[in-house]
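[1] Any chance you can model this:
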Amino acid sequence: MKKNGLKLIEIDSTVTRPFESKADESPENVLIANIKEKSFAVVWLDYKVLIGTWDGKGFQFYDNKPFKNKYLQRMRVFNKDREMLIYRTGNGFKGRLRIDDKDGKGIEVIVAKQVLFGTKGASCNDSYTEITEKRGTSLVLPFGELNVDDKEKRIKIKTHNYIDYNAVKQATYVDCRFVEFIYENNANLNKQG
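    Numbers count the residues shown, from 1 in each chain. Next comes the predicted model:
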């Protein structure tokens, strides 16, 4: 069923909560153990948002500067089949791994394509483009030569929003995961996964 740009589907999915650490432990060790495929990474720091890639061993961002875990608020490392979500708590980091595959149990999902801020693009190099808006929003994306505008040529992030039912059978969202980047007429940018 599709309505208002949203699509309801049923998929097989498994969620585990394999990660809890102290503040001095690196979340990258959990990523190395759980996400071996090339994937995208969105990292929220106290002072900025980084969007780049994960190669199974480490991050690649436009500025090539590593971030310090003490500034990490949350991160999502994802590809078409899985996502690791890691977030800061008072004592360190927690996280969960969600895998959409035939080994999981059936669950209803709302598929959404959310538009990112950015109506003007400027190539940083062959591999990165900065998208900006008049209001001052700026994101550097791991794609070269993106031509965006304020009409049809927009970058979107496809999400899966998982639904479950409480004791009185009310539907509620229980999880959300990033799946892939979409560009112009829903073309898939997911060359990493």
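[2] Surely Glu25 touches Asn91?
    No. Using CB atoms under 8 Å, Glu25 makes no contact with Asn91, being 10.7 Å away. No exception for glycine: its C-beta is placed from N, CA and C like everyone else's.
[3] Could you check which of those two is surrounded by more residues?
    Neighbour totals were compared for Glu25 and Asn91, and Glu25 leads with 14 against 10 (other CB atoms under 10 Å).
[4] Surely the more buried one forms part of a strand?
    No. According to DSSP: H, G, I helix; E, B strand; the rest coil, Glu25 belongs to no strand; its state is coil.
[5] Per-residue pLDDT of it, please?
    Turning to Glu25, the model gives it a pLDDT of 72.
[6] With Lys68 as the reference, measure out to the spatially closest residue to it that is not a sequence neighbour.
    Computed as CB to CB, 6 or more residues apart in numbering, the closest residue to Glu25 that is not its neighbour in sequence is Gly92, at 6.5 Å. Applying CB to CB, to the nearest Å, the value for Gly92 to Lys68 is 14 Å.
[7] out of the two, which sits in the busier spot?
    Gly92 (15 against 9).
[8] so where's the protein shaky on pLDDT?
    1-3, 23-24, 184-188, 190-193 (pLDDT under 70).
[9] which residue lies farthest from the center of it?
    Computed with CA atoms, centre = their mean, the residue of the chain farthest from its C-alpha average is Val168, at 31.7 Å.
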